[in-house]
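# Quick one: sequence plus predicted model below, questions after.
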Amino acid sequence: MDVKVLGAASEVGRSGFLVNCNGTKLLLDYGVMFGRRGTPPVYPLHVKPKDLDAIIITHAHLDHSGNVPSLFVSGNTDVYATPPTFDLTELLIEDMLKIEKNSHPFDLPELNNMMKNAKEIGFKQKVTKGNATFELRESGHVIGGSSVLVESEKKRLFYTGDIKTNGSRMLREADFDIGEIDLLITESTYSQTEQKPRRESENELIEFANEVMDRKGILFIPSFSVERSQEIACILKNANFKHKIIMDGMALKVNEIMFRHMEYLRDPKVFADAINGAVAIREHSERKRAMDEPCVVISPAGMLVGGNAVFYLQHLAFDDKNGIALVSYQGEGTPGRKLLEIGKVSTRGKDVNVTAEVKQFEFSGHADRNELFDMIKNIRGNPKVLTVHGDSESCNMFAQEIHEKFGLEAYAPAVNETITV
């Protein structure tokens, strides 16, 4: 079994791994990496669609799924993922194509062709292709998100994709009942970070929300449309939050997808109660009217890059009664990072001081270093370990620590490198 690294080596974005099982070729993810504004997207290394026996998408985030339609420009092959992953992937890629017209080497016809070749599979459902079998396991990262177990000629590979080993209020924990393996490809995003316990972050957010309500303000929570927006709504519902909760933007379409796939959630009733109890904003004319009393507004984009979040930010940022709770990762060069670091937002071409109270809360969908080490400690066999999907320093440090702690051969591979087991 050979694995060629196509992307996501010592970087976050454009994930892609080509697994050659004695002639049977499986592509694990094929994402896109977005640079700073004004710079073109970056893709994994090219593969020929006709050489592939199957494509497997671990989850819908664009750094794992966003370049798959490029494989349907001139050919077809089977694509495998869970049902919610396909629904969300289609939604996110459509949105990407709408926002970035003519920026990608494919368009809606290729996306439609990809969806025609979609093969929906559930967790633990074994698929045989030529010399290989593969199956998906729960990853705890987003709804329908999975890790991949590949087996061929008595060699076994486990690719974590993006993983949150403990799951969340929304999702069950990751499934590591996988037996002995020979190769582990693990994400390393937060391998050098210890995160605050989830319940602590939840309690702090509830406390902040109540403080803002007490002073008759509005709490704005810019949030990723997939998973994070819904999780925040569930946290508020679970805490018996008494005030109005508004949801807006693409999160509403994601809500509809989640309602179609409730069996993938940890607690469908909590989810349904939270979403059904929120006020959905579908028209611009409703936005100001909805904020006629103290309330919480949950709206993408999580980093304040576009979306309806821009409207809410401009409307709420300059009143000290209000609050802004940042619950998503804030990438370099984004308005969210600027707000966090210098307390300013751009309005009409000028940077203006924000008077609303701004706080950040930890709600990562990725495992931290303790969770990752627990995962590796419990994995059976004597696998070679590849550390990917993190910055260069994190991947290299994590590999070194894995070797020191567990005695396993571990390293951060380079793009275009082929590893044999």
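Received, thanks. Numbers count the residues shown, from 1 in each chain.
# Need phi/psi at residue 55.
Phi and psi for residue 55, reported as degrees, to the nearest 10, are phi -110, psi 140.
# do the same with the one 5 residues further on
Torsion angles at residue 60 (phi, psi; degrees, to the nearest 10) stand at phi -80, psi -20.
# Could you pull up the residues touching it?
Neighbouring residues of residue 60 by CB atoms under 8 Å, 6 or more residues apart in numbering: 84-85, 87-89, 91-92, 142, 144-145, 226. Using the backbone N, CA and C atoms, a C-beta is placed for each residue, glycine as well.
# Now do the same for it: its pLDDT.
Predicted confidence (pLDDT) at residue 60: the value is 98.
# Identify the residues contacting the residue nearest in space to the middle of the chain.
Nearest to the mean C-alpha position of the chain, by CA atoms, centre = their mean, lies residue 61 at 4.9 Å. In this structure, residue 61 makes contact with 31, 92, 142, 162, 226, judged by CB under 8 Å, 6+ apart.
# so what are the domain limits for the chain?
Following the assignment in automatic domain parsing, the chain carries domains at 2-193+365-420, 198-360.
# Could you tell me the end-to-end distance of the last one?
What it means is domain 198-360. End-to-end distance for domain 198-360, by CA to CA, to the nearest Å: 14 Å.
# Show me where the chain has its helices.
Ranges of helices within the chain are 62-65, 83-99, 108-116, 198-214, 228-238, 251-260, 268-276, 284-290, 309-316, 335-342, 369-378, 392-406, based on DSSP state H.
# For stretch 265-276, give the mean pLDDT please.
Taken as a whole, stretch 265-276 has an average pLDDT of 96.
# burial count for residue 419?
Residues near residue 419, counting by other CB atoms under 10 Å, number 17.
# Help me confirm that it comes into contact with residue 5.
Yes: assessed by CB atoms under 8 Å, residue 419 is found in contact with residue 5 at 7.5 Å.
# if I look at these two, which residues touch both of them?
With CB under 8 Å, 6+ apart, residue 419 and residue 5 have common neighbours 386, 413.
# Okay, strands next: where are they in the stretch 51-200 of the chain?
Remark: strands assigned in the stretch 51-200 of the chain by DSSP state E, counting those that start in this stretch are 54-56, 79-81, 118-120, 127-129, 132-138, 146-152, 155-159, 183-187.
# can you redo the ones you listed as CSV with distance to residue 244?
As requested, the strands of the stretch 51-200 of the chain are exported to CSV (distance: least, CB to CB, whole Å):
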stretch, distance to residue 244
strand 54-56, 42
strand 79-81, 36
strand 118-120, 37
strand 127-129, 46
strand 132-138, 34
strand 146-152, 36
strand 155-159, 43
strand 183-187, 37
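# ok, now which ones touch the closest residue to residue 169 other than its chain neighbours?
Nearest residue to residue 169, sequence neighbours excluded (CB to CB, 6 or more residues apart in numbering): residue 234, at 5.3 Å. Contact analysis of residue 234 by CB under 8 Å, 6+ apart lists 169-170, 270-271, 274.
# and what of residue 383?
Contact partners of residue 383, counting by CB under 8 Å, 6+ apart, are 158, 181-184, 408.
# For residue 174, see how far away it is.
Distance, residue 383 to residue 174, by CB to CB, to the nearest Å: 17 Å.
# which regions of the stretch 151-300 of the chain lie under the pLDDT threshold?
Along the stretch 151-300 of the chain, no part satisfies pLDDT under 70.
# what sits against residue 165?
Going by CB under 8 Å, 6+ apart, residue 165 touches 140, 173-174, 176, 367, 371-372, 374-375.
# If you rank the residues you listed by neighbours, which is first?
Highest neighbour count within those: residue 367, with 28 neighbours (other CB under 10 Å).
# and the gap between it and residue 195?
The gap separating residue 367 from residue 195 is 9 Å, by CB to CB.
# swap in residue 105?
Distance, residue 105 to residue 195, by CB to CB: 37 Å.
# Those two: which has the busier surroundings?
More neighbours surround residue 195 than the other of residue 105 and residue 195, with 17 against 13 (other CB under 10 Å).
# What's opposite the closest residue to the more buried one other than its chain neighbours in the beta bridge?
Spatially, and ignoring its direct neighbours in sequence, residue 195 is nearest to residue 368 (4.1 Å; CB to CB, 6+ apart). Note on residue 368: beta-bridge partners by DSSP bridges are residue 190.
# ok, residue 368 touching residue 193?
Yes: between residue 368 and residue 193 there is a contact at 5.4 Å, judged by CB under 8 Å.
# before we move on, the earlier item: most surrounded residue in the contacts of residue 60?
Busiest of those [other CB under 10 Å] is residue 145, holding 31 neighbours.
# Now do the same contact list for the closest residue to it other than its chain neighbours.
What sits nearest to residue 145 in space, not counting adjacent residues and going by CB to CB, 6+ apart, is residue 59, at 3.6 Å. By CB under 8 Å, 6+ apart, the contact set of residue 59 is 65, 81, 85, 88, 139, 141-142, 144-146, 161-162.
# what do you get if the cut-off is 6 Å, keeping everything else the same?
Residues in contact with residue 59, defined by CB atoms under 6 Å, 6 or more residues apart in numbering, are 85, 141-142, 145.
# Could you dump the residues you listed into JSON lines and include distance to residue 305 and pLDDT?
JSON lines is the format used below for those (distance: CB to CB, whole Å; pLDDT from 0 to 100):
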{"residue": "85", "distance to residue 305": "24", "pLDDT": "98"}
{"residue": "141", "distance to residue 305": "21", "pLDDT": "97"}
{"residue": "142", "distance to residue 305": "19", "pLDDT": "97"}
{"residue": "145", "distance to residue 305": "23", "pLDDT": "98"}
